[in-house]
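**Student:** give me the fold of what follows.
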Amino acid sequence: MSKNISRINEFKVNNLLVCNGQYIQNEVSRLIVRMKQYILRNSANIIGPTISATLGVHNNQTPSLVDLMIMLPIDREIDSCGEFYYVEEFKIENVLKARHNGNPATLNNTINEIKTFMECNNLIPTTVNYNVATKEAMCINDMDSMIIDIYIGVSDKT
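**Tutor:** Model (predicted):
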């Protein structure tokens, strides 16, 4: 097994504010800011790193759109609104976990390692990749020291 890839029983997070939709790529950071403001307006606190999943990319449009899910762990239940909704529990069972150390621009290298690992171990994905920004960049100079954990549900090939 790669030192950065391991199998775990489950990935579980409780109390999430979730946003799911199609967005222009350069609007995603503003979306996350709006989510954080909504959480604060509802007297809640963010208690964990941002979780994201890219569900699809539409390059045939200008500007290109991305189908994206953003989840922010919070300390308590809050009301849902039109754009954001509360989820009590998010869980994936039978999971591969991979750690990416460094600039997100090289994240595809880690994704390729996961694909190779799955092929060598006769595994198939049952979910998309969920990226957890364990150590986020506070400024552009911090990009190379980021840590992103990737979780993906898997099953054995039959």
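
**Student:** what's the lowest-mean-pLDDT helix or strand in the chain in contact with?
**Tutor:** The least trusted helix or strand in the chain, going by mean pLDDT, DSSP states H and E, turns out to be strand 51-58, with a mean of 87. Contacts of strand 51-58 with the rest of the structure, by CB atoms under 8 Å, 6 or more residues apart in numbering, involve 13, 16, 20, 22, 64-73, 90, 128-133. Quick note: C-beta positions are derived from backbone N, CA and C, even for glycine.

**Student:** pull out the buried members of the residues you listed.
**Tutor:** Of the members of the contacts of strand 51-58, the ones counted as buried by neighbours, 16 or more other CB atoms under 10 Å, are 13, 16, 65-66, 68-73, 90, 128-133.

**Student:** okay, and which of those map to strands?
**Tutor:** 13, 16, 65-66, 68-73, 90, 130-133 (DSSP state E).

**Student:** among the residues you listed, find me the one that's closest to Asp156.
**Tutor:** Using CB to CB, Tyr130 is the member of those that sits closest to Asp156, with 20.3 Å.

**Student:** how far away is that closest one from Lys12?
**Tutor:** 11 Å (CB to CB, to the nearest Å).

**Student:** tell me the domain boundaries of this structure?
**Tutor:** With domains defined by automatic domain parsing, the chain comprises 5-11+90-156, 12-88.

**Student:** compute the first-to-last residue distance for stretch 71-86.
**Tutor:** When the termini of stretch 71-86 are compared using CA to CA, to the nearest Å, they are 9 Å apart.

**Student:** which residue ranges of the protein form helices?
**Tutor:** Taking DSSP state H as the criterion, the chain carries its helices at 28-41, 107-120.

**Student:** make TSV out of the ones you listed and add mean pLDDT.
**Tutor:** Below are those laid out as TSV (pLDDT from 0 to 100):
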stretch	mean pLDDT
helix 28-41	94
helix 107-120	93
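
**Student:** among these, which is nearest Asp79?
**Tutor:** Nearest of these (CB to CB): helix 28-41, 9.7 Å.

**Student:** now the closest one: buried residues?
**Tutor:** Applying 16+ other CB under 10 Å to helix 28-41 flags Leu31, Met35, Tyr38, Ile39 as buried.

**Student:** which residues does it contact?
**Tutor:** Taking CB under 8 Å, 6+ apart as the rule, helix 28-41 contacts 17, 19, 23, 45-46, 50, 66, 68, 70, 72, 74, 78, 81, 83-84.

**Student:** all set, thanks.
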